[in-house]
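Sharing a sequence plus its predicted fold:
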Amino acid sequence: MGNNGMFQKGITIIFGVAIVILYILHFTSKQPVKAPSGADIRHDASALRVQKIAYVDTDSLLSRYQMVKVMEGHLQQEGESMRRELERRERNLQQRARQYQQRIQNNEIGLEEAKQTEEALVQEQEALIQLQQEYSNRFADQSLILNQELVDTVQSFLGRYNKTKDFDFILARSQANNNILFANDTFDITMEVIEQLNIEYENKQDNQ
């Protein structure tokens, strides 16, 4: 049936795609610059401000954020449970098919019973295929729910984080999907973000 690795593969895909682009935030808290009045029009130097930019390495975030590890653990456990159930049913179906073939070879079964047995085996195989699809859909749905929870958590944190940092942009950087060709390491806030995210997550777990 090709069940081995089906759910394990989904874990990597789900957490590797959407998370890479979820942190691009644009905070605009500055007042618009008003044009000066009077005949002597001058640019007010105080109105010109260099934008503050930072970035987060999402590869490090995914590997070090405790919430991600817990989510992956839940998905792995659920996927393993589904895989074991599918394999159990597949073994039972194969055993019944072998028994049926053995009875045919030994002339131990009549035409009517053989027809009924074959129909039952076909129905069981179709039910197994349907169950595999249901499990796959359920696994994907659970992965998306957890991913959205992760997105919401990180975005909410960065909104609070930026109230004191006052960045104009917080960008995402990763090895797989990287639109940032060069970035000065002084703009890297990854470890600070991860540390504070883990503190918040641990405090939340302690209060539950």
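Great, that's in hand.

could you pull out the helices for this protein?
Assigned by DSSP state H, the chain shows helices spanning 6-17, 58-64, 66-105, 111-165, 190-206.

and of those, who's closest to residue 179?
helix 58-64 (12.0 Å; Cβ to Cβ). C-beta: built from backbone N, CA, C; applies to glycine.

helices and strands around the closest one, which ones?
helix 190-206 (3 or more Cβ pairs under 8 Å, 6 or more residues apart in numbering; DSSP states H and E).

what angle do the helix it packs on and helix 111-165 make?
110 degrees (axes from the mean of the first three to the mean of the last three Cα atoms, to 10 degrees).

May I have helix 190-206 as CSV, with CA atoms only?
What follows is helix 190-206, C-alpha atoms only, in CSV (Å, rounded to 0.1, in the frame of the first residue of the first chain):
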residue,chain,number,x,y,z
THR,A,190,17.0,35.2,15.6
MET,A,191,18.4,34.0,18.9
GLU,A,192,16.8,36.7,20.9
VAL,A,193,13.4,35.9,19.4
ILE,A,194,13.8,32.2,20.0
GLU,A,195,14.9,32.7,23.6
GLN,A,196,11.9,34.9,24.4
LEU,A,197,9.5,32.6,22.5
ASN,A,198,10.7,29.6,24.5
ILE,A,199,10.3,31.6,27.7
GLU,A,200,6.7,32.5,26.9
TYR,A,201,6.0,28.9,25.8
GLU,A,202,7.4,27.4,29.0
ASN,A,203,5.5,29.9,31.2
LYS,A,204,2.3,29.1,29.3
GLN,A,205,2.9,25.4,29.9
ASP,A,206,3.5,25.9,33.6
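
so that helix versus helix 66-105, what angle?
Using the same axes, to 10 degrees: helix 190-206 against helix 66-105 is 70 degrees.

helices or strands up against helix 190-206?
Using 3+ Cβ pairs under 8 Å, 6+ apart as the test, helix 190-206 ends up in contact with strand 53-57, helix 58-64, helix 66-105, helix 111-165.

any idea how far that helix is from the chain center?
19 Å (Cα atoms, centre = their mean, to the nearest Å).

And stretch 120-130, by the same measure?
32 Å.

quick one on the thing from earlier: which of the helices of the chain sits most buried?
helix 58-64 (a mean of 18; mean count of other Cβ atoms under 10 Å).

how about that one as CSV, C-alpha atoms only?
Extracted as CSV, the C-alpha positions of helix 58-64 are listed here (Å, rounded to 0.1, in the frame of the first residue of the first chain):
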residue,chain,number,x,y,z
THR,A,58,13.5,30.5,10.2
ASP,A,59,15.6,27.3,10.0
SER,A,60,17.0,28.1,13.4
LEU,A,61,13.5,29.0,14.7
LEU,A,62,12.1,25.7,13.5
SER,A,63,14.9,23.7,15.1
ARG,A,64,15.1,25.5,18.4
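
ok, now how distant is residue 200 from residue 120?
Separation of residue 200 from residue 120 (Cβ to Cβ, to the nearest Å) stands at 55 Å.

let me fix that: residue 60
For residue 60, the distance to residue 120 - Cβ to Cβ - is 54 Å.
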